[in-house]
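Student: mind looking at a prediction? Sequence and model below.
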Amino acid sequence: MSFTSQETTSTTSGKLHPFDPVRPEEIRLAVRILEASFPGVPLRYNRIDIHEPIKQDVIPYIEAERLGKPLPPRPARLLYSYFSRVDTGVCIKALMNADTKSLIYAKEFPEGVQVRLSS
């Protein structure tokens, strides 16, 4: 599932540092991606946050930044979420790409496993 939106343009402008915290518009984007991936299913979100890039992908960016050199393309801005389906109670972990506004995967936890839901 992929989205285009004026609202999310600022999150993918390349101005964000790979380790910047999740932004409100990214949380809204994640909700839209997940709701579109589970149409008509009520979802209860436990957590939506940044999935930090792996070290080997971010080292060239950090080194160029430290040396004042032109920055290479930053690693993909990834978001993750732990949530549950209200209709079945199934708990799911999802990974999304904020740059492409798409779902990478949504994996159900084994039966009986629950994520602690925030109050």
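Tutor: Here it is on my side, so go on.
Student: which residues does the spatially most central residue of the chain bridge with?
Tutor: By CA atoms, centre = their mean, the chain has its centre lying nearest to L79, at 1.4 Å. Counting by DSSP bridges, L79 forms beta bridges with I50, M96.
Student: what sits against it?
Tutor: 22, 26, 29-30, 48-51, 95-98 (CB atoms under 8 Å, 6 or more residues apart in numbering). In short, each C-beta sits where N, CA and C put it, glycine included.
Student: next, count neighbours for the closest residue to F109 other than its chain neighbours.
Tutor: Leaving out its chain neighbours, the residue that sits closest to F109 by CB to CB, 6 or more residues apart in numbering is C91, at 4.4 Å. Look at C91: counted by other CB atoms under 10 Å, it has 22 neighbours.
Student: likewise H17?
Tutor: 12.
Student: that one in helix, strand or coil?
Tutor: Look at H17: counting by DSSP: H, G, I helix; E, B strand; the rest coil, its state is coil.
Student: ok, it to R47 distance?
Tutor: 21 Å (CB to CB, to the nearest Å).
Student: show me where this protein has its strands.
Tutor: 43-51, 78-85, 91-97, 102-108 (DSSP state E).
Student: in stretch 94-108, what counts as buried?
Tutor: Applying a neighbour-count criterion of 16 or more other CB atoms under 10 Å, one finds 94, 96-99, 101, 103, 106 buried in stretch 94-108.
Student: and those residues as a markdown table, adding pLDDT?
Tutor: As requested, those are exported to a markdown table (pLDDT from 0 to 100):
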| residue | pLDDT |
| --- | --- |
| A94 | 98 |
| M96 | 98 |
| N97 | 97 |
| A98 | 96 |
| D99 | 94 |
| K101 | 97 |
| L103 | 98 |
| A106 | 98 |
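Student: out of those residues, which comes closest to D87?
Tutor: Relative to D87, the closest of the buried residues of stretch 94-108 is A106; by CB to CB it sits at 15.1 Å.
Student: got the contact list for the closest one?
Tutor: For A106, the contact set (CB under 8 Å, 6+ apart) comprises 34, 37-38, 92-94.
Student: ok, now F83?
Tutor: F83 makes contact with 34, 43-46, 91-92, 94, 115 under the criterion CB under 8 Å, 6+ apart.
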